[in-house]
Structure formats: C-alpha cells, structure tokens
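Asks: fold the following for me, if possible:
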Amino acid sequence: MYDAAWRGPHLIWPPYMRGAIEKGVLTAEQARQVRACYGAKLTMIDKWFGRVLDAIERGGFYANSGVIVCTGHGHYLGEKDVWGKPPVPIFEPLGHVPLMVSWPGVAARTVDALTTNVDIAATLADIFAITMTHRTHGRSLAPLITGASRTLRDWALAGVWSREVHLIDAESKYARAPASTNAPLSLWSNRWSTMPVYGRPELKLPPPDDRARLARMPGSRIPVIRQPLDQSDDLPFWAAGRFSGNFLYKVNDDPAEENNLAGTRAEEVIEEKLRAALLEVHAPADQLVRLGLE
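Replies: The predicted structure is shown next:
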C-alpha cells in the first residue's frame, strides 16, 4: 500500500538489532519496506477501530461510558538505526506511548501530565470503587480527566527486565545501566515460563535450581520463587545485550534524544532521584547494587 515499487515477500518483521543499516543487515529499500508494512498495519487498525467507535456512537454509549486507548510499547523503525525491540535503552519511539480518553461530560482537550500504564488499572478501580487487595503503583487518572488536578505524579519508572532502569520526570529521561557487570540478577515469579523469541528457539529460561528461594514481591504476602542468575546461565534475550552507558535527555528540549547529558552535574541530581524512587517502591536491594546506587 505504501511501497508500490517493492517486489517479493513483504518484510513484516524487522531484525531486532541496533545498527541494521550500518552493518548491512538491511538495505535502504528493505528499511523502507519495513516502515511501509508498519504503516499499512496502522491503516488497517485505524479502519477497524473506527468501526468500534462508530458502534459506540450509534448505541449512544458515550453518554455513560469511558473509552481508553493506549498501547503497551512502541516499535523502533530505524530511529538511531534501531529496529524492532532489541536490548537498548527505552528511547521515545518505544516508551512514549499514546493515551487517549473519552469521558462522559468532558470536552476534548490535551492534558500535559506525566502518566504511566499502571495508572489505567488504578483508574478502573477508582471508577468502580474497587479496593486493590495487593500493592499497586498506579494512580487514578480521574482527577486529570475531569480537570480537578493538572498533575498526577512527579516521576515514573520504566524498563525491561535485566536492562537499564529509567526514571522519567516532567523534564528528563534518565536511563541507568549496570555499574559494572550485569549483576546481581534474580527472577521473581510464580509462573516459570519462557516467551519464545522469533528465530531463536534456543533462548529459554533455565528452570529453578538449588539456588532458588521463596521470597515475596514488594507489597505482597504471597510467596514467589526467587532464582538468582549469573553469566553462566542462559540469560533471556534482553539480558545478553551489551550496554552503552547511561543516558540523560531533556526530552522537552531534545525530543530526538541527541544530547546525552550523562556525566554532567545534571546526572548527579537525577541519579539520586532514581535511588529515592527505587527505595520508595521497595525495589529489591539487588537492583541498587547492580546499578551502583547502594
């Protein structure tokens, strides 16, 4: 639809890597084809999601129903020559996701406030007067939506297991990498399973062994398995990727994230803010050690 000159099978799955163009894994024509297929998929979603919105309107449901549109994460399509969702920091194309809300009796407008996906669950619980039986870091979006408040949170945490830990506030995004080796690492879970990695069937989590202990997630009394891992284990895909240091961007002034302020006085300030945030959410002590923040 958006690449009429292309001949051959469509490229619907980009390589999960950084530097695909530079290293010759993708040609410029293949890169254009990947983006064209992604654009076509968005067009298809737009069409069929439009049918859903039309049905809501025909039924008169907007009068008493909220509609929340979001996504879990974005996808790299060549920004910084990054493709797919490989082991790299969470730059804006992956982490800055859409959030659109239709709310009965509230006129359309733009709300400039920091939110994160866990706030959606807290919003639903708020609407239906549900008390969570386990700890959540979410905060209800209702005050933002209705205009009762202009801000919701001072910071948000983000990351992929075993990768950089990110702190986002109103001005900055900070990606903190391990201080030396990517350790200590532990998996905490009561569901020991492996998500398959396309093209890499050998990448599977090792089963729990004699190192495993029962532990409890912060805010929960239900025990889970805590399995320490080290470099001798078959670590998951993202854990095996190399790190390229810390990154600090003033995203409002630098939306393309080109001016890395890591190593300046600004990093000293925000690394302390990250440490305080991790302590506030009762992050495992291992994280502070791994990131050199203990």
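
Asks: could I get the buried residue list for the helix or strand harbouring Trp188?
Replies: Secondary structure from DSSP states H and E places Trp188 in strand 185-189. For strand 185-189, burial by neighbour count (16 or more other C-beta atoms under 10 Å) applies to 185-187. No exception for glycine: its C-beta is placed from N, CA and C like everyone else's.

Asks: what's near enough to touch Arg176?
Replies: By C-beta atoms under 8 Å, 6 or more residues apart in numbering, the contact list for Arg176 reads 164-167, 246, 271, 274, 291, 293.

Asks: ramachandran coordinates for it?
Replies: The phi/psi pair for Arg176 (degrees, to the nearest 10) reads phi -100, psi 120.

Asks: gap between it and Gly74?
Replies: Counting by C-beta to C-beta, to the nearest Å, the gap from Arg176 to Gly74 is 21 Å.

Asks: do the same with Tyr249
Replies: Relative to Gly74, and taking C-beta to C-beta, Tyr249 is found at 16 Å.

Asks: on the three-state scheme, the spatially closest residue to Ser186 that is not a sequence neighbour is what?
Replies: Nearest residue to Ser186, sequence neighbours excluded (C-beta to C-beta, 6 or more residues apart in numbering): Pro228, at 4.9 Å. Secondary structure, DSSP: H, G, I helix; E, B strand; the rest coil: Pro228 is strand.

Asks: please say which of Tyr249 and Gly74 ends up with more neighbours.
Replies: Tyr249 (24 against 17; other C-beta atoms under 10 Å).

Asks: go ahead and confirm that one touches Asn259.
Replies: Yes. In this structure, Tyr249 is within contact of Asn259 by C-beta atoms under 8 Å, at 6.8 Å.

Asks: what pLDDT does the closest residue to Pro218 other than its chain neighbours get?
Replies: Leaving aside its sequence neighbours, Pro218 sits nearest to His282 (C-beta to C-beta, 6+ apart; 3.6 Å). Per-residue pLDDT puts His282 at 91.

Asks: would you mind measuring from His282 to Glu272?
Replies: 18 Å.

Asks: same question, Gly105
Replies: The value you get for Gly105 to Glu272, if C-beta to C-beta is used, is 42 Å.

Asks: residue boundaries of the helices in the stretch 101-250 of the chain?
Replies: Assigned by DSSP state H, counting those that start in this stretch, the helices in the stretch 101-250 of the chain fall at 118-127, 142-146.

Asks: quick one: low-confidence parts of the chain?
Replies: 194-195, 197-198 (pLDDT under 70).

Asks: quick one, longest helix in this protein?
Replies: helix 28-58 (DSSP state H).

Asks: what is it packed up against?
Replies: strand 67-70, strand 76-77 (3 or more C-beta pairs under 8 Å, 6 or more residues apart in numbering; DSSP states H and E).

Asks: redo the contacts of Arg176 as a markdown table? Include distance to Ala121.
Replies: Formatted as a markdown table, these follow (distance: C-beta to C-beta, whole Å):
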| residue | distance to Ala121 |
| --- | --- |
| Glu164 | 24 |
| Val165 | 21 |
| His166 | 20 |
| Leu167 | 21 |
| Asn246 | 30 |
| Glu271 | 29 |
| Leu274 | 24 |
| Leu291 | 27 |
| Leu293 | 28 |
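
Asks: and which of these is nearest to Leu99?
Replies: Relative to Leu99, the closest of these is His166; by C-beta to C-beta it sits at 17.6 Å.

Asks: tell me how many other residues crowd Leu291.
Replies: Leu291, neighbours per other C-beta under 10 Å, totals 20.

Asks: oops, could you answer that again for Asp3 instead?
Replies: Neighbours of Asp3 (other C-beta under 10 Å): 17.

Asks: between the helices of the stretch 101-250 of the chain, which one is closest to Lys204.
Replies: helix 118-127 (28.3 Å).

Asks: residues making contact with the closest one?
Replies: Taking C-beta under 8 Å, 6+ apart as the rule, helix 118-127 contacts 66, 68, 70, 130-132, 136-142, 152-153.

Asks: filter those residues down to just the buried residues.
Replies: 66, 137-142, 152-153.

Asks: switch those residues over to JSON lines; also include distance to Leu94.
Replies: Output for the buried ones among the contacts of helix 118-127, formatted as JSON lines (distance: C-beta to C-beta, whole Å):
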{"residue": "Gly66", "distance to Leu94": "27"}
{"residue": "His137", "distance to Leu94": "20"}
{"residue": "Gly138", "distance to Leu94": "21"}
{"residue": "Arg139", "distance to Leu94": "23"}
{"residue": "Ser140", "distance to Leu94": "26"}
{"residue": "Leu141", "distance to Leu94": "22"}
{"residue": "Ala142", "distance to Leu94": "28"}
{"residue": "Leu152", "distance to Leu94": "22"}
{"residue": "Arg153", "distance to Leu94": "20"}
